[in-house]
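**Student:** Here is the input, now give the coordinates:
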Amino acid sequence: MLQLPDLRISDNAQLILSAAACLGVVGVIARAYRPKSESNLPLLPSPPTWRLGGHFLPHRHVLSPSLTIAGWIDEYGPLITIRSRLEKIVIIGRYKAALDIMENQGN
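**Tutor:** Below is the predicted model of the structure:
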């Protein structure tokens, strides 16, 4: 049977490693809860989200993601924002809203 050497870690090194691990966890949590928008403009309506992962759309065999997004559009309006990890995605859910945006902001 293979015998691994017994690696002893001093109490001081163990304390430093524990502190580094705790700081890493605190850093990840702080990054997840910091304000996401750098500008002062308000964001569009959005369904509730998971802080670390964004919006999780269901798998295809459970329920179609397009039906989930259609439900959000019915609930929150024709313009919604969803987040996928670090990306923000703006969805224009109605033809009239898309046409109005292109006519008014297209110039």
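**Student:** I'd guessed Ala70 sits against Gly93; true?
**Tutor:** Yes: using C-beta atoms under 8 Å, Ala70 makes contact with Gly93 at a distance of 7.4 Å. In short, each C-beta sits where N, CA and C put it, glycine included.
**Student:** neighbour count winner among those two?
**Tutor:** Gly93 (16 against 12; other C-beta atoms under 10 Å).
**Student:** Against Leu2, how distant is the more buried one?
**Tutor:** Note on Gly93: its distance to Leu2, by C-beta to C-beta, to the nearest Å, is 61 Å.
**Student:** How about Val28?
**Tutor:** From Val28 to Leu2 the distance is 36 Å (C-beta to C-beta).
**Student:** which of these two has more neighbours?
**Tutor:** Remark: of Val28 and Leu2, Val28 carries more neighbours, 10 against 3, as counted by other C-beta under 10 Å.
**Student:** After the strand or helix carrying the more buried one, which helix or strand is next? Please name it.
**Tutor:** Assigned by DSSP states H and E, Val28 belongs to helix 11-33. Note on helix 11-33: by DSSP H and E, the next helix or strand toward the C-terminus is helix 65-76.
**Student:** Name the residues that touch that following helix?
**Tutor:** Contact with helix 65-76 is made by Pro45, Ser46, Pro47, Leu57, Pro58, Ile80, Ile82, Ile91, Gly93, Arg94, as judged by C-beta atoms under 8 Å, 6 or more residues apart in numbering.
**Student:** Minimum pLDDT in these, which residue is that?
**Tutor:** Lowest in pLDDT among the contacts of helix 65-76 is Pro58, which has 56.
**Student:** ok, Ile82 touching Ile91?
**Tutor:** Yes: counting by C-beta under 8 Å, Ile82 does reach Ile91; the two are 6.6 Å apart.
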